[in-house]
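# the following block contains a protein sequence and its predicted model.
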Amino acid sequence: MAHRGPTTQTTLHFDLRHCGATDNYQLHVSGELFDLTPHDDNSRVKARLENAGLAAMPTEQLSQVTHFVKDVLLPADLVEPDRGLAEVADPARCRASR
């Protein structure tokens, strides 16, 4: 079911190193699916310019950010829009799209 309240558009970054090597991850938000894109060195450099959390991250740890998704509409009344880095804590919850 789609969220009916106010939304905010954001880019999210993920650490999915513990989920296994695949490029086929999806984010499920309010009934919609968003394909995650694997980061490379160039995309991480660009992301640091746009995201204060990544800019503050030590360079040697930046490779831990493995995937991102742009232009996700998140419920503005349910999330903190300035958060842009997420981690799936439970590897059992890692599911690649098919």
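All right, it came through fine. Numbers count the residues shown, from 1 in each chain.

# give the rounded mean pLDDT of the longest helix seen in the chain.
Secondary structure of the chain read by DSSP state H shows that its longest helix is helix 41-50. Per-residue pLDDT over helix 41-50 has a mean of 94.

# for this protein, just list every one of the helices.
Along the chain, counting by DSSP H, helices occupy 41-50, 52-56.

# among those helices, which comes closest to residue 70?
helix 41-50 (9.8 Å; C-beta to C-beta). Yep, even glycine has a C-beta here, placed from its N, CA and C like the rest.

# buried set for the closest one?
44, 47-48 (16 or more other C-beta atoms under 10 Å).

# list just the nearest of these to residue 56.
Set against residue 56, the nearest of these by C-beta to C-beta is residue 48 (9.1 Å).

# quick check: the closest one touching residue 58?
No: Residue 48 is beyond contact range of residue 58, at 11.2 Å (criterion: C-beta atoms under 8 Å).

# among the helices of the chain, which is nearest residue 62?
helix 41-50 (5.2 Å).

# run the chain-centre distance for that closest one.
13 Å (C-alpha atoms, centre = their mean, to the nearest Å).

# restricting to C-alpha, output that helix in PDB.
Provided in PDB are the C-alpha atoms of helix 41-50 (Å, rounded to 0.1, in the frame of the first residue of the first chain):
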ATOM      1  CA  ASP A  41      35.100   4.400  -7.000                       C
ATOM      2  CA  ASN A  42      33.700   7.200  -9.200                       C
ATOM      3  CA  SER A  43      30.100   7.000  -7.800                       C
ATOM      4  CA  ARG A  44      31.500   7.100  -4.200                       C
ATOM      5  CA  VAL A  45      33.500  10.200  -4.900                       C
ATOM      6  CA  LYS A  46      30.400  11.900  -6.400                       C
ATOM      7  CA  ALA A  47      28.300  10.700  -3.500                       C
ATOM      8  CA  ARG A  48      30.700  12.300  -1.000                       C
ATOM      9  CA  LEU A  49      30.100  15.700  -2.600                       C
ATOM     10  CA  GLU A  50      26.300  15.300  -2.200                       C
END
